[in-house]
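In: Sequence and computational prediction follow.
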Amino acid sequence: MTRKQRRLVLIGGSLGVLAVAVALMLNAFRDSIVFFNSPSDVLERHVGPGTRIRLGGLVKTGSLVRSDGLRIRFEVTDGKTEIPVTYRGVLPDLFREGQGVVAEGALDNAGVFDADTILAKHDETYMPKEVADALKKSGHWKDDYARRAALPVSGASK
Amino acid sequence: MALWIVFALMTAAAIGAVVWPLARKPRGVAAGNEVVVYKDQLQEIERDRAAGLIGAAEGEAARLEVSRRLLAAADMQSAQASAPASPPQVRWHRRAAALGVLIVLSVLPIGLYLALGSPNIPGQPAYARANLPPGHESIAALIGQVEERLARNPNDGAGWEVIAPVYMQLGRFDDAVMARRKALALNGETAARDADLGEALVAAANGVVTDEAKRSFQNAVGRDPQNAKARFFLGLADEQDGNRDAAAAKWRAMLKDAPADAPWLGLVRTSLARVTGQPPADAGPTADQMAAVQNMPEAQRIAMIRGMVEKLADRLHADGNDVEGWLRLVRAYAVLGDSDKAKAAAAAAKRALASHPDEIKRIDDLVKGLGLEG
Amino acid sequence: MIPELGHYALMLALGIALIQSSMPIIGARTRDPLLMSIATPAALAHFAFVAIAFAALAECYVFSDFSVLNVFENSNSQMPLIYRLTSVWGNHEGSMMLWVSILALFGALVALFGNNLPATLKANALGVQAWIAAAFELFILTTSNPFLRIPNAPFEGRDLNPILQDPGLAFHPPMLYLGYVGFSITFSFAIAALLEGRIDAAWARWVRPWVLGAWMCLTLGIAGGSYWAYYELGWGGFWFWDPVENASLMPWLAGTALLHSALVMEKREALKVWTILLAILAFSLSLIGTFLVRSGVLTSVHAFAVDPRRGVFILAILVIFIGGALSLYAWRAPLLKQGGLFAPISREGALVFNNLFLVCACATVVVGTLYPLALQALNGDKISVGPPFFNATFGPLFIPLMIAMPFGPLMGWKRGDLLGAAQRLLVAALLAAVAVATSFAISHGGPVLAPFGIGVAVFVMAGAVTDIVERTMVLRLPLHATLRRARGLPRSAWGTAFAHFGIGATLFGIVAVTAWGSERIAEVKPRQSLEIAGYQVTFDGVFNRAGPNYHDVVGHFTVRRSGQIIGVMEPSRRTFPDREMATTEAALMSRGVSQLYLSLGDATKDGSVPVRLFFKPDVLMIWLGALLMFCGGALSLSDRRLRVGAPRPARAKVKPALQPAE
């Protein structure tokens, strides 16, 4: 093989791998991207049953019900709309009524959000960022959250 | 002074370290070059060939490649060696470089330091604090001890009673509220405990008498109609609700049946003057009374509150979408008796919330309630 | 006085960095040995003053000097000494100080151990290193100054975030930073070479130890962070594809590619353009990682906009350094001459293959990490790109890489014999096949692909062993001859084998724990038992335990295997009253390389507690593998050949131990 041919093999191979990588990414973007929605977004965007989304908002105070200890039910609110959520499992450290939460899962046919993950891994602040944004948008951002969030500011994350 | 001497020494050390090579006679610097690497690579190819990691023909080709590089590198090295910088140029360079170093290292750090440094604040590490006059020495350690005891024995009502005022002094208002609550629950309800809890709640809410605090004060007055603290704060609650007449009435009543040496006389008089817009009825507080006011925790608290209010103001000026924040800010300025700032804040709030007529109305209502318009 | 000394030392360091960044480079252009020789003492002095500044800050933390705002905000005199020290870098300002200190340290190391470098290369590289240092020192002084003071010092500082009070998190940032910042050296070398326009095989030889050192630290840093997340967050997950984690993975992938391409460049003087690009990219990705973590864009694009000074400053550094480097690259790269020849099927070809896949895998991580940010900035849509995305892209790209990996070291340079290599890997392939069959036989359930994953991992590990076996001719020669050959093998060959074996072990752990890990979530009453993977875990009850600034509600569990008590596990819920925060402290019990993992929920009124119990088969292999990779790197680094070219000073005998990495 001449130098030119070798180079062609090399470049061809590279382009091939790159094409595969791009194809994989496009495919993954179609299938595995999860949109973040506030309860109001869910209504406005007509999110259908079975579509995987992340639902974020505040855990409505007084809505938390534990049935057999591990199965829990609560409502996520952004101040305008509430969506009931069911989840089975141990709740993360920072889960509390009146606090922000992000749940991942899908709506069932009855309009109940069936969560398989309740996100535990917030930043060092008490509020997941999407929740803060959503609450600010709907005008329910209270000074209190900012104050609390300001306490452990600027920690080294990982 | 010692600080500046040390700075001077550090600067001298830095200049010395960097200028040092310039002061030496120019000589060949110990440096490597490619030749050594390529010679080693030639040996490596032999080893690889012996280990069967490269074929005989390929090894020969590789050896040729490396040899070519070796020759080129050797040529370059000798070319460089035969063309050293000429002495006059070196001398000129040396002077210019030394001068540059001198200027940069002596001017830039000091300039920066004068802009950013705080030469007059002494360091206050723990071991230095330990030598401060008694009383200062180990508040933190004392608190630590009490907290530890309380953590072991959370039903120690007296302990909570002791630590609550300390929390207040330190500005840990949320902790103070917690401690007051425990003291109240464990030691039984009295007017004084109710009033203290209320005071802590007010402090925790940045000086606003919240509904919860108001209920505490009402409980206190229910138990002891003469409880001064509760009566004062109930007046303040009225003032913050915009009901100045009611506030004035409450405070006048306090003054009427006050003992002549009550430490809070001055405070109530100034507050009364604020809501009525008249100078204090008496000739004014005596110097002693002023001093008493100065020493009162309330006075300290107001200073602290001012700090918090400024922080709130900064935040709102950065991000003005928080109507609750604005309401609180306007109210806080009014409470602190700073009506100009209150008005300015209200105006700023209206600008920031221009697109929300509902919220502007709330601001307007508050301004009216506080009697700030005009 | 101490904090002010630190403050001034940092300013002096900035001054020195400015001198170091200009004069040696002018010297290198005008071939003036005098100006060039400034670089070495300047780099040492720079490090000395940065070290003074860092030590001063650490002093303020250790002795709780709350007249320093940064100490007041992030420390507390009641914290144990070790956390007072580690909270120096537990916050933004302090961690930037650490960043700069490590940067200065690497500069000083090059100055000290770079005697084998040509004078111009050394002067230029130290100059470029000083550009970076000056930029970050300016950043610290103007936007993130840790030496700002409070006139009336408060009595007590605000506590550190309780989650950060953990030995794991205390020590892995320095390791990670050693890796991140280590790539600054390769970047400086690349820019220096481009400035000079002389890029040859020897360059690769000189830069390789630095790449290795940075790569080792980054490997350990990532592994440490992953283990911390595993045991501290209470979810038993070891990798979340979270942007902060990706920020460290991206430079690792680019750095691994660089490590391999530099080898080709050294041997054949080929792939020069590519290697230089990788050197630039590896550090650029480190910078991007710093930007992502430090600017607040991750918390929210809006948070970035509210207090943009820091973010904009780092963004400017990013744009200037990456943009500048790439422009210089675009200008100079076409001038580079062709290198040596090699056939596509050869050791070099295998390394190119490795580079292709590593870089593509790195690209998918970059896209997956930055795409949500870009989308949010463009149209406000918030999406999360989570594990499914990375599993669907990163995985398929990594598997071919793994399969090809054992072939590389068995192929000859310049022209290899694929068939021959395959024959020699026959045993390894057989072992892999056995592993696949065994996994199928003993596993019930789990993904169908998992046994094949195990097969690949075994193949990789066996392949690494094969390489050593082939080269020492075990079993084919008498034992003493084998041993002699083993001793004669270059250390880098051992290093390769260790590192490759390590990656196989990590893969093994990941596949096993992902496919066959089991989980029980239940609410247990006292005396009640849970059964998992042949273990009976009995709940005995809860008790309280007080800590220094927290209190624990501890669950007591007895673990039995076929009736025999083998130990107790005591997971707890930890409450920090000062912060109104609770954390879950999971309990771990190691059984060989597998672990039982137990975390506790909030106890209910009737005395029962919700628990998550995991069985994590072979989970420790993940981090043992990383440790092996680190050891492999260390072995390679100790290889004699990387030190070749250092002129031996006749009088002073340099101890070998003092020359880890020139």
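Out: Arrived safely, thanks for sending.
In: hey, let's count contacts and neighbours off CA atoms from now on
Out: Noted.
In: got any ranges where chain A has weak pLDDT?
Out: Across chain A, residues meeting the criterion (pLDDT under 70) sit at A:1-3, A:68-69, A:92-94, A:98, A:120-158.
In: which residues in it form helices?
Out: A:3-32, A:39-44, A:129-137, A:143-150 (DSSP state H).
In: So for the helix or strand containing B:Met76, mean pLDDT?
Out: According to DSSP states H and E, B:Met76 maps onto helix B:56-81. The average pLDDT within helix B:56-81 is 82.
In: okay, now residue 11: neighbour count?
Out: Went with chain A since none was named. 12 (other C-alpha atoms under 10 Å in any protein chain shown).
In: Sorry, I should have been clearer: chain C.
Out: Neighbour count for C:Met11, taken as other C-alpha under 10 Å: 26.
In: Go ahead and confirm it touches B:Leu114.
Out: No. Contact criterion C-alpha atoms under 8 Å: C:Met11 and B:Leu114 do not qualify, at 10.9 Å.
In: and for the two, which residues touch both?
Out: Counting by C-alpha atoms under 8 Å, 6 or more residues apart in numbering or on different chains, C:Met11 and B:Leu114 have no contacts in common.
In: returning to what we had before: for the helix or strand just after the helix holding B:Met76, what is the distance to the chain centroid?
Out: Next helix or strand after helix B:56-81 toward the C-terminus (DSSP H and E): helix B:87-116. The chain centre lies 37 Å from the centre of helix B:87-116; the measure is C-alpha atoms, centre = their mean, to the nearest Å.
In: Which secondary structure elements does helix B:87-116 sit against?
Out: helix B:2-23, helix C:2-30, helix C:33-36 (3 or more C-alpha pairs under 8 Å, 6 or more residues apart in numbering or on different chains; DSSP states H and E).
In: on that earlier part again, now do the helix holding B:Met76: distance to the chain's middle.
Out: Its chain's average C-alpha position is 63 Å from that of helix B:56-81, according to C-alpha atoms, centre = their mean.
In: Mind splitting chain A into its structural domains?
Out: A:1-33, A:35-150 (automatic domain parsing).
In: Out of the helices and strands packed on helix B:87-116, flag the one nearest C:Ala204.
Out: Across these, C:Ala204 has its closest neighbour in helix C:2-30 (19.9 Å, C-alpha to C-alpha).
In: Against which helices or strands is that closest one packed?
Out: Partner elements for helix C:2-30 (3+ C-alpha pairs under 8 Å, 6+ apart): helix B:2-23, helix B:87-116, helix C:33-36, helix C:39-62, helix C:119-143.
In: Please identify the most buried of the ones you listed.
Out: helix C:33-36 (a mean of 26; mean count of other C-alpha atoms under 10 Å in any protein chain shown).
In: And that one, what does it pack against?
Out: Using 3+ C-alpha pairs under 8 Å, 6+ apart, the elements in contact with helix C:33-36 are helix B:2-23, helix B:87-116, helix C:2-30, helix C:119-143.
In: circling back: make JSON lines from the helices and strands packed on helix C:2-30 and add distance to C:Val367 and mean pLDDT to it.
Out: Below are the helices and strands packed on helix C:2-30 laid out as JSON lines (distance: least, C-alpha to C-alpha, whole Å; pLDDT from 0 to 100):
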{"stretch": "helix B:2-23", "distance to C:Val367": "44", "mean pLDDT": "88"}
{"stretch": "helix B:87-116", "distance to C:Val367": "40", "mean pLDDT": "83"}
{"stretch": "helix C:33-36", "distance to C:Val367": "41", "mean pLDDT": "83"}
{"stretch": "helix C:39-62", "distance to C:Val367": "36", "mean pLDDT": "94"}
{"stretch": "helix C:119-143", "distance to C:Val367": "26", "mean pLDDT": "93"}
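In: Can you give me the end-to-end span of stretch C:591-604?
Out: End-to-end distance of stretch C:591-604 (C-alpha to C-alpha, to the nearest Å): 31 Å.
In: Quick check, central residue of chain B?
Out: For chain B, the residue nearest the mean C-alpha position is B:Lys311 (10.0 Å; C-alpha atoms, centre = their mean).
In: what's the helix or strand for it?
Out: Going by DSSP H and E, B:Lys311 is part of helix B:297-318.
In: Which positions in chain B make contact with chain A?
Out: B:Asp322, B:Glu324, B:Gly325 (C-alpha under 8 Å from any C-alpha of the partner chain).
In: so which of those residues are also by chain C?
Out: Okay, of the residues of chain B next to chain A, nothing touches chain C (C-alpha under 8 Å from any C-alpha).
In: just curious, which of those residues is nearest to chain A?
Out: B:Gly325 (6.4 Å; C-alpha to the nearest C-alpha).
In: helix, strand or coil for the closest one?
Out: helix (DSSP: H, G, I helix; E, B strand; the rest coil).
In: Tell me how chain B divides into domains.
Out: If you go by automatic domain parsing, chain B breaks into B:2-21+B:35-75+B:90-114, B:139-255, B:300-369.
In: Just name the most buried of the ones you listed.
Out: Most buried of the domains of chain B by mean neighbour count (mean count of other C-alpha under 10 Å) is domain B:139-255; its value is a mean of 20.
In: how far is that one from where the chain is centred?
Out: 26 Å.
In: Next: stretch C:330-338.
Out: Taking mean C-alpha positions (C-alpha atoms, centre = their mean), stretch C:330-338 and its chain are 31 Å apart.
In: List the buried residues for that stretch?
Out: Across stretch C:330-338, burial judged by 16 or more other C-alpha atoms under 10 Å in any protein chain shown covers C:Arg332, C:Ala333.
In: what about that stretch, near chain A?
Out: No. Stretch C:330-338 lies out of reach of chain A by C-alpha under 8 Å from any C-alpha, never closer than 10.2 Å.
In: Next one: that stretch, is it in contact with chain B?
Out: No. Stretch C:330-338 stays out of contact with chain B when judged by C-alpha under 8 Å from any C-alpha, the minimum separation being 11.5 Å.
In: What residue in the stretch 351-500 of chain C comes nearest to chain B?
Out: C:Gly412 (4.6 Å).
In: From B:Asp40, how far off is that residue?
Out: In terms of C-alpha to C-alpha, C:Gly412 sits 19 Å off from B:Asp40.
In: next one: B:Ala203
Out: From B:Ala203 over to B:Asp40 the distance is 76 Å, taken as C-alpha to C-alpha.
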